[in-house]
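Asks: model this:
(3 chains)
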Amino acid sequence: MSLVVATIKRDLVIAARNPGEWLNPLMFFLMVLALFPLAVDPDPKFLAKIAAGVVWVAALLATLLSLDALFKADVEDGTLEQWLASGESLYAMALGKVFVHWCISGLPLTLVAPLLALMMNLPEEAYSALFFSLLLGTPILSLLGAVGAALTAGVRSGGLLLSLVILPLYIPILIFGASAVYHAGIEMEYAGQLGFLASFLCIAMTLTPFAVAGALKLNLSR
Amino acid sequence: MWEALKRLYHRMGSPKWFYEISARWLPWFAIPAALCMIVGTVWGLAFAPADYQQGNSFRIIYIHVPAAILAQSAYAMMAIAGAIFLIWRMKMAAWVAASIAPIGASFCFIALMTGAIWGKPTWGTWWVWDARLTSMLLLLFLYFGVMALQKAMDTEDTAAKAGAILSLVGLVNIPIIKYSVEWWNTLHQPATLKLTEESTMAMDMLIPLLIMIVGFYLLFATLIFMRTRNQVLWHERKKNWVKKLIQAQAER
Amino acid sequence: MFFDSFAEFLAMGKHGFYVWLCYGITALVIIANILAPIRQRKKLIEQQTRLQRREKKNASEA
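Replies: Predicted coordinates for the structure are as follows:
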């Protein structure tokens, strides 16, 4: 367990020293958001209608972009082999890595999204829904994404491949997340959607680390 | 019964045994497949009555529905074969899984195309974001993901393992995706006409459909046999029995 | 037979284009799926035969 904790600490320190690691997804998020009014229509009424979906899509893409590097360094510099040799459970290690990834991508996104949603003229009632749906949804994005990142860690230019592999798996989260925000915006009940996200999170937390661990082992036999 | 199954399983693990037995089995799948599909097509196109609402465009159902059913079960079979490979290291299972992916994707494509074409006379547009079509589209994406991942890996073994892991993750996700797409669809205006309304199907419409489904499954089995036989030849090309077999082929 | 004449069968009551397009695409995809493994097998056998010949030649020269 101590190795997992040490790795989490190390990765968090690295992220704190390289602000780019957590700032870049945020900037990407902001830029994607800015594309929609420019490309479609800056009319506030129209923006309010699409805000929920657009914010969620942008958050999803920003997460996807930051996933590529999740295991790359550990595979290339042999850290992965050290983990396996240490006898530490890969399951715990996978959860630890995902936790760090969420801390530097999902968490900042969740905190900043309500601010940026102002620019999209999101209805006032929807802000808490946006915050909570992202709070529950972004960890699932990190967990599922970790499977793809582990599978493609040893592949050259795996970024695009990673998106191909992972995007279809993101659809349910996108549907429930965006619809929670949308329903909150038109003053409807959205607890159900959050409930679904919470149960997805539980399922993903128990199952995906197995897949990540299995996928990481593939990078050794290379 | 259990013993017989176990024996079959161990034999299936032997590529040579599979290659020999599948040569004998192939016609028993291929010929009934062709028969079923011809009978089903002729019956469905020419003899079944037209639907009172959709008219003759409903005849597309006879390929749309079997293709859709097959595309979904093919994904499950691919994932299960992948799991067998991961757990028991049975190479044959990996080869079967690799054979299924392109076939399943083609059936998925057929289901999508026919669904979209059917939409034109019925809904007036080529594409409607209807629950069934949308989840078919996502299934096609899942197939693409597995195939792209397998292509990108540099060794055959990692390709097989990576594909197996991803298809298993996909298999767990399919019910969630299906459910969420259906739920999403009920929120937005649902299409009033559905390509399939099981309860209202008359017997003389249903029987050709069942024949077509059987025919599609048999065709699927035939295609898997053909592809897996190639996989066996390729992977066992350094073995003596394959070398002899190829010599015999060359002398003919 | 549901239709009265062959022309009516082809027309499918105004839906002929869509119905025949569907069946045509399906037939094409299925035929492609049948031909692909056959061609793959042919190529594989040819390639291996060539390889065997070369090996035999190398063996006799050495």
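Asks: give me the number of residues near residue 11?
Replies: Going with chain A. By other CB atoms under 10 Å in any protein chain shown, 21 other residues sit near residue A:11. (Glycine included, C-beta is placed from N, CA and C.)
Asks: can you look at chain C instead?
Replies: The number of residues near residue C:11, taken as other CB under 10 Å, comes to 16.
Asks: now for the helix or strand hosting residue B:122, which elements pack on it?
Replies: Assigned by DSSP states H and E, residue B:122 belongs to helix B:91-123. Using 3 or more CB pairs under 8 Å, 6 or more residues apart in numbering or on different chains; DSSP states H and E as the contact test, the elements touching helix B:91-123 are helix B:15-42, helix B:61-88, helix B:131-152, helix B:156-187, helix B:203-235, helix C:16-61.
Asks: mind checking those helices for the one nearest to residue A:78?
Replies: Residue A:78 lies closest, by CB to CB, to one member of the helices and strands packed on helix B:91-123: helix B:156-187, at 17.9 Å.
Asks: which residues of the stretch 1-150 of chain B lie near chain C?
Replies: By CB under 8 Å from any CB of the partner chain, the residues of the stretch 1-150 of chain B that approach chain C are B:41, B:45-50, B:55-57, B:59-60, B:63-64, B:67, B:102-103, B:106, B:109-110, B:113-114, B:117-118, B:120-121.
Asks: narrow those to those that are buried.
Replies: B:41, B:45, B:48, B:50, B:55-57, B:59-60, B:63-64, B:67, B:103, B:106, B:109-110, B:113-114, B:117-118, B:120-121 (16 or more other CB atoms under 10 Å in any protein chain shown).
Asks: picking up where we left off before, need the helices and strands packed on helix B:91-123 in CSV with mean pLDDT and distance to residue A:135, can you?
Replies: Shown next, in CSV, are the helices and strands packed on helix B:91-123 (pLDDT from 0 to 100; distance: least, CB to CB, whole Å):
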stretch, mean pLDDT, distance to residue A:135
helix B:15-42, 94, 51
helix B:61-88, 95, 31
helix B:131-152, 93, 25
helix B:156-187, 91, 19
helix B:203-235, 93, 44
helix C:16-61, 93, 45
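Asks: could you export those helices as JSON lines, including distance to residue A:6?
Replies: Below are these laid out as JSON lines (distance: least, CB to CB, whole Å):
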{"stretch": "helix B:15-42", "distance to residue A:6": "46"}
{"stretch": "helix B:61-88", "distance to residue A:6": "30"}
{"stretch": "helix B:131-152", "distance to residue A:6": "32"}
{"stretch": "helix B:156-187", "distance to residue A:6": "27"}
{"stretch": "helix B:203-235", "distance to residue A:6": "43"}
{"stretch": "helix C:16-61", "distance to residue A:6": "51"}
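Asks: which of those helices sits closest to residue A:217?
Replies: helix B:156-187 (8.4 Å).
Asks: can you pull the buried residues of that closest one?
Replies: B:156, B:158-171, B:173-174, B:176-178, B:180-181, B:183-185.
Asks: what subset of those residues is also close to chain A?
Replies: Answer for the buried residues of helix B:156-187 near chain A (CB under 8 Å from any CB): B:158, B:161-162, B:165-166, B:168-170, B:173, B:176-177, B:180-181, B:183-184.
Asks: what two of the residues you listed are the furthest from one another?
Replies: B:158 and B:183 (36.8 Å).
Asks: which residue packs closest to the closest residue to chain C within the stretch 151-252 of chain B, ignoring adjacent ones?
Replies: Going by CB to the nearest CB, chain C is nearest to residue B:226 of the stretch 151-252 of chain B, at 3.9 Å. Leaving aside its sequence neighbours, residue B:226 sits nearest to residue C:37 (CB to CB, 6 or more residues apart in numbering or on different chains; 3.9 Å).
Asks: please report how far the one you found lies from residue B:158.
Replies: Going from residue C:37 to residue B:158 by CB to CB, to the nearest Å gives 24 Å.
Asks: now do residue B:211
Replies: Look at residue B:211 and residue B:158: by CB to CB, they are 42 Å apart.
Asks: what segments of chain A are helices?
Replies: A:2-17, A:20-39, A:44-67, A:72-76, A:79-86, A:90-101, A:107-119, A:127-151, A:158-185, A:191-218 (DSSP state H).
Asks: just these: most buried one?
Replies: Mean neighbours per residue, mean count of other CB atoms under 10 Å in any protein chain shown, is largest over these for helix A:127-151, with a mean of 26.
Asks: mind giving me the packing neighbours of that helix?
Replies: Contact analysis of helix A:127-151 by 3+ CB pairs under 8 Å, 6+ apart lists helix A:44-67, helix A:90-101, helix A:107-119, helix A:158-185, helix A:191-218, helix B:156-187 as its packing neighbours.
Asks: quick one: is the fourth one near chain B?
Replies: Yes. Using CB under 8 Å from any CB, helix A:158-185 reaches chain B at A:158, A:161, A:164-169, A:171-172, A:175-176, A:179.
Asks: which elements pack onto that helix?
Replies: helix A:44-67, helix A:127-151, helix A:191-218, helix B:131-152, helix B:156-187.
Asks: how far does the shortest one sit from the chain's center?
Replies: In this view, helix B:131-152 has its centroid 13 Å away from the chain centroid, taken as CA atoms, centre = their mean, to the nearest Å.
Asks: over to the third one?
Replies: When distances are taken as CA atoms, centre = their mean, helix A:191-218 is centred 12 Å away from the chain's centroid.
Asks: and chain B, is that helix touching that?
Replies: Yes. Using CB under 8 Å from any CB, helix A:191-218 reaches chain B at A:196, A:200, A:207, A:208, A:211, A:214, A:215, A:218.
Asks: tell me what angle that helix forms with helix A:90-101.
Replies: Counting by axes from the mean of the first three to the mean of the last three CA atoms, to 10 degrees, helix A:191-218 lies at 120 degrees to helix A:90-101.
Asks: report the inter-axis angle for helix A:191-218 versus helix A:79-86.
Replies: Here helix A:191-218 runs at an angle of 80 degrees relative to helix A:79-86 (the same axes, to 10 degrees).
Asks: got the helices of chain A as a markdown table, with distance to residue C:29 and mean pLDDT columns?
Replies: Conversion of the helices of chain A to a markdown table gives the following (distance: least, CB to CB, whole Å; pLDDT from 0 to 100):
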| stretch | distance to residue C:29 | mean pLDDT |
| --- | --- | --- |
| helix A:2-17 | 48 | 89 |
| helix A:20-39 | 35 | 91 |
| helix A:44-67 | 31 | 92 |
| helix A:72-76 | 38 | 85 |
| helix A:79-86 | 42 | 84 |
| helix A:90-101 | 40 | 92 |
| helix A:107-119 | 42 | 91 |
| helix A:127-151 | 29 | 95 |
| helix A:158-185 | 22 | 92 |
| helix A:191-218 | 32 | 93 |
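Asks: to residue B:219, which of those lies closest?
Replies: Across these, closest to residue B:219 is helix A:158-185 (CB to CB), at 26.1 Å.
Asks: so how far is the closest one off the chain centroid?
Replies: On the basis of CA atoms, centre = their mean, helix A:158-185 sits 10 Å off its chain's mean C-alpha point.
Asks: repeat for stretch B:9-27
Replies: Here stretch B:9-27 is found 20 Å from its chain centre; the criterion is CA atoms, centre = their mean.
Asks: identify each buried residue in that stretch, please.
Replies: Of all the residues in stretch B:9-27, those buried under the rule 16+ other CB under 10 Å are B:12, B:13, B:15, B:18, B:19, B:22.
Asks: distance-wise, check the residue in chain A sticking out farthest from the centre relative to residue A:49.
Replies: For chain A, the largest distance from the centre (CA atoms, centre = their mean) belongs to residue A:43, which lies 29.6 Å off. Distance from residue A:43 to residue A:49, counting by CB to CB: 10 Å.
Asks: just residue A:164 next, same as before
Replies: For residue A:164 relative to residue A:49 (CB to CB), the value is 30 Å.
Asks: try residue A:91
Replies: Distance, residue A:91 to residue A:49, by CB to CB: 43 Å.
Asks: repeat that for residue A:71.
Replies: As defined by CB to CB, residue A:71 lies at a distance of 39 Å from residue A:49.
Asks: ramachandran coordinates for the residue farthest from the centre of chain A?
Replies: For residue A:43, the backbone dihedrals are phi -60, psi 120 (criterion: degrees, to the nearest 10).
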